[in-house]
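Asker: sequence unavailable; structure follows:
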């Protein structure tokens, strides 16, 4: 029976620390994951938890263009990022609307617990 107490204590410790190990994800976005938008001038990522802007990066890339079968990844640099909603919302304000094609908004961040997180949002522009 003495082996049960350490096992129970370990299980309790893991249960108590579970929120610290939770990873941030995109809760919603505009354009939405897998959607098709008409020439958006903003891309909005709403995260499930607060992020640290200094430890968060985002990259917007065009991954496909109609009529170009071998289109390589093209970075989109014409945006200004803006944080709101207690650093849960990141808005990419584009200087020009996105052109027809397929895009990914790729993000990475480090949580307060030191864990690195990353994700991507894929959408099309018609």
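Answerer: The structure has been received and is ready for your questions. Here the structure is a predicted model, which means the values were calculated and not measured.
Asker: below-threshold pLDDT in this structure: ranges please.
Answerer: Residues of the chain meeting the criterion pLDDT under 70: 1-22, 111-112.
Asker: show me where it has its helices.
Answerer: Listed from the start of the chain, the chain has helices (DSSP state H) covering 4-21.
Asker: now residue 124, nearest residue through space, not along the chain?
Answerer: Counting by CB to CB, 6 or more residues apart in numbering, the nearest residue to residue 124 once its immediate chain neighbours are dropped is residue 36, at 4.5 Å. Yep, even glycine has a C-beta here, placed from its N, CA and C like the rest.
Asker: over to residue 57?
Answerer: Leaving aside its sequence neighbours, residue 57 sits nearest to residue 108 (CB to CB, 6+ apart; 5.3 Å).
Asker: burial of the one you found, as a residue count?
Answerer: Burial of residue 108 is recorded as 14 neighbouring residues (other CB atoms under 10 Å).
Asker: for it, name its beta-bridge partners.
Answerer: Counting by DSSP bridges, residue 108 is bridged to residue 57, residue 118.
Asker: ok, which stretches of this structure are strands?
Answerer: Under the criterion DSSP state E, strands of the chain are mapped to 26-30, 36-37, 42-47, 56-64, 74-76, 79-84, 89-94, 101-110, 116-125.
Asker: elements contacting the fourth one?
Answerer: In terms of contact count using 3 or more CB pairs under 8 Å, 6 or more residues apart in numbering; DSSP states H and E, strand 56-64 is assigned the packing partners strand 74-76, strand 89-94, strand 101-110.
Asker: the longest one: which residues count as buried?
Answerer: Residues of strand 101-110 classed as buried: 101, 102, 103, 104, 105, 106, 107, 109, 110 (neighbour count, 16 or more other CB atoms under 10 Å).
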